[in-house]
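Participant: Could you look at this predicted model? Sequence included:
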Amino acid sequence: MASPDDRRYSREHEWVRPDGDSGEGTVGITDYAQDQLGDIVFVDLPPAGNNVVHLQKMGEIESVKAVSDLFSPVSGEVVALNEALSDKPELVNTSPFEAGWMLRVRLSQPAELERLLTAQQYDAFVEESRPAE
């Protein structure tokens with residue numbers, strides 16, 4: 001699956017979709033990340049009002065395989081959580097770029113977006129990371 005062009009990506013496999021002129025962005029994990037994790041059973045995210053920091057730990061995601069850290073692709077204040085994930089964490093598996101979004105952040109450093117990968121750069125990064133078969 002090609003990564004959507006309307007967002008930026010981290011090398012830790014998180015994405016952020018800037019939401020127009022609102023100064024906010026929606027954050028989630030990539031299709032590649034959810035595939036590597038396997039069946040997601042729990043997502044632990046910071047509550048609204050907390051701050052997240054560019055490329056720092058923002059929470060954890062638990063699958064049937066392991067517990068992994070989540071890293072924020074941007075800095076800012078958490079303004080909303082995807083409440084649906086508390087009852088249906090599997091949305092991250094079935095719809096990582098849409099229904100499985102994790103949080104909305106009011107960006108404190110919009111210039112950080114330029115330090116993230118474009119969809120084409122991210123897809124190339126993933127391809128280079130795959131083990132040779």
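Facilitator: Sure, I can see it. Small disclaimer: the values here were computed from a predicted structure and weren't measured.

Participant: Wait, a strand at P47?
Facilitator: No - P47 is assigned coil when assessed by DSSP: H, G, I helix; E, B strand; the rest coil, not a strand.

Participant: show me the residues around it that make contact.
Facilitator: Shown in contact with P47 (Cβ atoms under 8 Å, 6 or more residues apart in numbering): 78, 81. Quick note: C-beta positions are derived from backbone N, CA and C, even for glycine.

Participant: same deal with the one 5 residues further on?
Facilitator: With contact set as Cβ under 8 Å, 6+ apart, V52 has these partners: 46, 58, 72, 74-78, 103, 105.

Participant: got any ranges where this structure has weak pLDDT?
Facilitator: By pLDDT under 70, the weakly predicted segments of the chain are 132-133.

Participant: how about the strands of it, start to end?
Facilitator: Along the chain, counting by DSSP state E, strands occupy 8-9, 14-18, 24-29, 40-44, 51-52, 57-63, 67-71, 76-81, 103-107.

Participant: Surely P46 touches K57?
Facilitator: No - the criterion here is Cβ atoms under 8 Å, and P46 misses it with K57 at 9.7 Å.

Participant: Nearest residue to the middle of the chain?
Facilitator: G28 (2.6 Å; Cα atoms, centre = their mean).

Participant: count of neighbours near the closest residue to that residue other than its chain neighbours?
Facilitator: Computed as Cβ to Cβ, 6 or more residues apart in numbering, the closest residue to G28 that is not its neighbour in sequence is W101, at 4.4 Å. Around W101 there are 22 other residues, counting by other Cβ atoms under 10 Å.
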